[in-house]
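Novice: Give the three-dimensional model of this entry:
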Amino acid sequence: MDTTSQLGEEVRNRLLRRVDWRFLLPTPEPNTTICFAHGLLRRAVRLISDRMADEKLDSTSTDCDLAVAISPNRATLRDCWSALRPGGSCYTEWYSPLGGGPNGVRRRLEAAGFADVKCYWPWPWPCLSRPRYWLPLQAQGAIRHFLFSRPPAPTSVRRVAAAGLKALWRAMLRLGLTVPICAVARKPAVSVNHRLSTASRGASSSHSRSSNSVVGPDLLDMIRAQWRTWGLGSTPDRLSSLVLTGGPRSVGKVVSLVFAEPDPCPRLAVKMPRVPESVPGLIREATTLRSIHTRHSTGVKAIPRILFCQEQASLLTVGETAFTGWPMSTLLRPENCRDFALKVTDWLAQLAGSAAPRPPTAWWNRLIEPVLTEFEESFGSVVDSGMLRDTRDRLATLGALPLVCEQRDFGPWNVLVTADQELAVLDWESSEPEGLPALDLIYFLSYLVFLVDGLFRRSGAIGPDRFRESYRTVLDPSTFLGSVRSECLARYASHVGLDSDVLGPLGLLVWLIHSRSKYKHFAADVAGRPGREVLRRSPFLSLWQEELRNDVRHF
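Specialist: I've put the predicted structure just below:
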């Protein structure tokens, strides 16, 4: 069904983000859909469905898996009901603040014969083109987490504004004034009379357990059954989940945070791929995290623990323990960057452990040669061949190195600072379980500087020359940020047992590795091979050039 890969990333992302609500459904990829809406929503629904039923020509259809409507009246709700097969899902959006809130929406859907009605508030609002949160409106634990887990504001003015916004949200939620309301409901698989007659025998209690949960009943039952086995405490009476659909690109994963109501602390994170290209990364994350916890037999508290990895409704789902805290990227300031950098350095050194060095013959053909070859094929048309030779020569000077686990996206945005000031590291989709040392630390320290320098807090695109200028600063140990980098690298090298001479070549390798992901983004943007001018805009290309210039100068 996936024809989305043939689209440019801008169009693909806009369409898929418009239907991120499909991860609120039991089956995110319906076979047959009937859509009583037009424009962007209809185009997006068509993209995720095997077949679209025409609401006029197929009004007598009764085999649809999904019905979609915006602010439907009674007649449209009847048409949705009639078109659905037993057990099919109905998704509706309601935009009027006079509709009675979630209770009013629920009454309308239940009056039309639907069951298991769940109402969500997408945020940011009022635009539904790219929401980042889908908040279940009758799940107090998930709501409290959403309201009180915002990163602390850096200034008193922003703190006052944030407190005012929270108060407004709480009032809107309490009064039922949140708009739009997105509702998911189900056409019962049995008749209403039969459902009512069986309610006294326990059907209603089963429904209450799954209320406001985006995971299907089978997965929910499995989570409840395994709750104690996973060491999560007493089995909860009721689960809820808050769905996160953030990220800048369509390949981003969807995450459902699972709560044991009314506890506002999520206990599980269930990850799902938005597109097929996301599947290998989730499998890689599960494999790496299992490997880490196997090697560290006492357990690694700061790294998610895989609880399950399986297909559910034909969709890969990876369940892991959840962490709460604030991304380090939201907390970084010039006055605290050194403390954070040293803390991350010690964390990575502890993860590396004290593995024995391995000769290049044990890892060159796996970890370096493919990276060099791919970089030359991707960026060779816009770089000097002499620089490519120099890079290969510098990497060839590497001797025996210990193999460590690389996270390979170790930016401050993936490092959580918990309430007790400990670190927790998320998102291991790009990881390499048997990788090379120092690469994650070099990447982290570079982006720490970029954040402190303000490159990611400004609006608009930042050119590669600006990154290169900032990176030049961090490579100079006479500057404050450069001295922090030097201190951290020396500390890490001492712990892991590295010669300082290897840090230059490894710094080159960092940007060669990350240039691959940038090239894939460029190719996705045009649904083909990117042009030379596009390739020159890669910030990783400019960082590699600056690192090579610095490394050769000191060689």
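
Novice: So which elements touch the longest helix seen in the chain?
Specialist: The residue-count maximum for a helix in the chain (DSSP state H) belongs to helix 503-526. If you count contacts as 3 or more Cβ pairs under 8 Å, 6 or more residues apart in numbering; DSSP states H and E, helix 503-526 packs onto helix 9-18, helix 369-379, helix 385-396, helix 439-452, helix 532-536, helix 539-553. (Each C-beta comes from the backbone N, C-alpha and C, glycine too.)

Novice: which residues sit against the helix or strand that the third one is followed by?
Specialist: From helix 385-396 onward toward the C-terminus, using DSSP states H and E, the following helix or strand is strand 404-406. With contact meaning Cβ atoms under 8 Å, 6 or more residues apart in numbering, strand 404-406 is reached by 288, 291-292, 351-353, 355, 431-437, 439-440, 496.

Novice: which ones among those residues are found in helices?
Specialist: 288, 291-292, 351-352, 439-440, 496.

Novice: Please tell me which one of the residues you listed counts the most neighbours.
Specialist: Within the ones in helices among the contacts of strand 404-406, most neighbours by other Cβ atoms under 10 Å means D440, with 28 neighbours.

Novice: and it, what is it in contact with?
Specialist: 348, 406-408, 410.

Novice: Now for these: which two are most distant?
Specialist: L348 and R408 (12.3 Å; Cβ to Cβ).

Novice: Settle it for me: which of those two has more neighbours?
Specialist: L348 (26 against 21).

Novice: show me where the stretch 101-250 of the chain has strands.
Specialist: 115-123, 133-136, 181-186, 239-244 (DSSP state E, counting those that start in this stretch).

Novice: from those, which stretch is densest packed?
Specialist: Counting by mean count of other Cβ atoms under 10 Å, strand 239-244 has the highest mean neighbour count of these, with a mean of 25.

Novice: Next, the residues that contact the helix or strand immediately after that one in the chain from outside, please.
Specialist: Next helix or strand after strand 239-244 toward the C-terminus (DSSP H and E): strand 253-260. Under the criterion Cβ under 8 Å, 6+ apart, residues 20, 23, 139, 141-142, 145, 213-215, 223, 227, 232-233, 236, 238-245, 247, 265-274, 278, 281-282, 322, 429 lie in contact with strand 253-260.

Novice: Okay, and which of those residues map to helices?
Specialist: Per DSSP H, those map to helices at 141-142, 145, 223, 281-282.

Novice: Looking at these, spot the one nearest G531.
Specialist: Using Cβ to Cβ, G281 comes nearest to G531 of those, at 27.0 Å.

Novice: and the gap between that closest one and L331?
Specialist: 26 Å (Cβ to Cβ, to the nearest Å).

Novice: now V496
Specialist: For V496 relative to L331 (Cβ to Cβ), the value is 27 Å.

Novice: Who does Y120 form a beta bridge with?
Specialist: P136, C182 (DSSP bridges).

Novice: contacting residues for it?
Specialist: Y120 makes contacts with 21, 24, 134-137, 181-184, 243, as judged by Cβ under 8 Å, 6+ apart.

Novice: just to revisit the earlier point, let me see the mean pLDDT of the longest helix of the chain.
Specialist: For helix 503-526, the mean per-residue pLDDT is 94.

Novice: Out of the helices and strands packed on helix 503-526, which is closest to F522?
Specialist: The nearest among these, by Cβ to Cβ, is helix 532-536 at 5.2 Å.

Novice: For the closest one, list every residue counted as buried.
Specialist: Neighbour-count burial for helix 532-536, counted by 16 or more other Cβ atoms under 10 Å, picks out L535.

Novice: what sits up against that helix?
Specialist: 378-379, 381-382, 464, 519, 522, 525-526, 541.

Novice: out of those, what pair is the most spread apart?
Specialist: P464 and V526 (18.5 Å).

Novice: out of these two, which sits in the more crowded spot?
Specialist: P464 (17 against 13).

Novice: Spell out which residues make up each domain of this protein.
Specialist: Per automatic domain parsing, the domain ranges recorded for the chain read 4-321, 326-553.
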